[in-house]
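build me a model from this:
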Amino acid sequence: MLCANMVNTSMTKLLGLVLAGGASRRMGRDKAKLRAKGRSLTDLMVGKLRAVGCDDVLVSGQDGIADVFPGKGPLAGIHAAMVAMPDTEQLLAVPVDMPDLSANSLQELAQVEAVAVHFCGKILPLKIDISDENIGKLSAILSADNADLSVQSFVGSLAAKTLPMDSITEAEFINLNTPDEWKKWTAHA
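Numbering: from 1, shown residues only. Below you'll find the predicted structure:
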């Protein structure tokens, strides 16, 4: 159930981030601009973040906020958002290619107080504190040669909380990466 009146119930300032900086090589065209339900995937995900009460929403990638460390993947997008909005307290990051994520699931993440929080077995979506410490850790990883640039590795280095997927279906976490996946999803959307 998507509730348009959901809000960030804590007093924490929450920044939304749509991770849309990938090259979309497997899709063969920019996933962020694919249209579903009358909107681009980017606009769809921005709407979901606004529905959970994000005070501001940024989009990483070509048409959004530029990475400080270009070509370094989603970690660079998360870092760029933190650097751009250091006075915001927490960041809720979602991939552009997960259009079935529900506002209810995102709200579950938004309500948990932790340095970082994600669902069991799923590293994205992710809510993480925007802090000098986290910005410093990300800067060190992104500027190092041959560093592990996976979001999973970075989050594993934090005191992250993992939420069970009791009320969430696996279908919410479908990534649309190929033309076949897109065709199959649009046939059922």
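
ok, L126 touching V151?
Yes: L126 is within contact range of V151, at 6.8 Å (criterion: C-beta atoms under 8 Å). Where you see a C-beta, it was placed from the backbone N, CA and C, and this is true even at glycine.

find residues that contact each of those two.
I78 (C-beta atoms under 8 Å, 6 or more residues apart in numbering).

neighbour count: those two, which is higher?
L126 (25 against 20; other C-beta atoms under 10 Å).

strands along this protein, start to end?
Assigned by DSSP state E, the chain shows strands spanning 14-19, 35-36, 39-40, 56-59, 90-95, 116-119, 126-129, 161-163.

tell me which of the ones you listed sits most buried.
Of the strands of the chain, the one with the most neighbours on average (mean count of other C-beta atoms under 10 Å) is strand 14-19, at a mean of 27.

about what we covered before: now render the strands of the chain as TSV, adding mean pLDDT and distance to I135.
Shown next, in TSV, are the strands of the chain (pLDDT from 0 to 100; distance: least, C-beta to C-beta, whole Å):
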stretch	mean pLDDT	distance to I135
strand 14-19	96	13
strand 35-36	84	33
strand 39-40	90	29
strand 56-59	95	15
strand 90-95	96	11
strand 116-119	96	13
strand 126-129	97	10
strand 161-163	96	20
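
adding distance to A76, write these out as TSV.
Output for the strands of the chain, formatted as TSV (distance: least, C-beta to C-beta, whole Å):
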stretch	distance to A76
strand 14-19	10
strand 35-36	26
strand 39-40	22
strand 56-59	13
strand 90-95	12
strand 116-119	17
strand 126-129	14
strand 161-163	24
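
tell me which of those strands lies nearest to T186.
Using C-beta to C-beta as the measure, strand 35-36 is the one of the strands of the chain that comes nearest T186, at 6.6 Å.

what sits up against the closest one?
With C-beta under 8 Å, 6+ apart, strand 35-36 has contacts from 41, 44, 99, 185-186, 189.

please redo it, this time with the cut-off set to 10 Å
Residues from elsewhere that reach strand 35-36 (C-beta atoms under 10 Å, 6 or more residues apart in numbering): 41, 43-44, 99-100, 176, 182, 185-186, 189.

the helices in this protein, which residues?
Secondary structure of the chain, counting by DSSP state H: helices at 41-51, 74-84, 103-111, 132-143, 151-156, 179-188.

name whatever forms a beta bridge with V59.
Judged by DSSP bridges, the bridge partners of V59 are V18.

list the contacts of it.
With contacts defined as C-beta under 10 Å, 6+ apart, V59 is in contact with 16-21, 32, 42-43, 45-46, 49, 65, 77, 81, 96.

let's go with 7 Å and repeat that
Shown in contact with V59 (C-beta atoms under 7 Å, 6 or more residues apart in numbering): 18, 20, 42, 46, 65.

low-confidence ranges, the protein, go.
Applying pLDDT under 70 to the chain flags residues 1-12, 23, 28.

how does it look with 80?
Across the chain, the ranges flagged by pLDDT under 80 are 1-12, 21-30, 32, 37, 62-63, 189.
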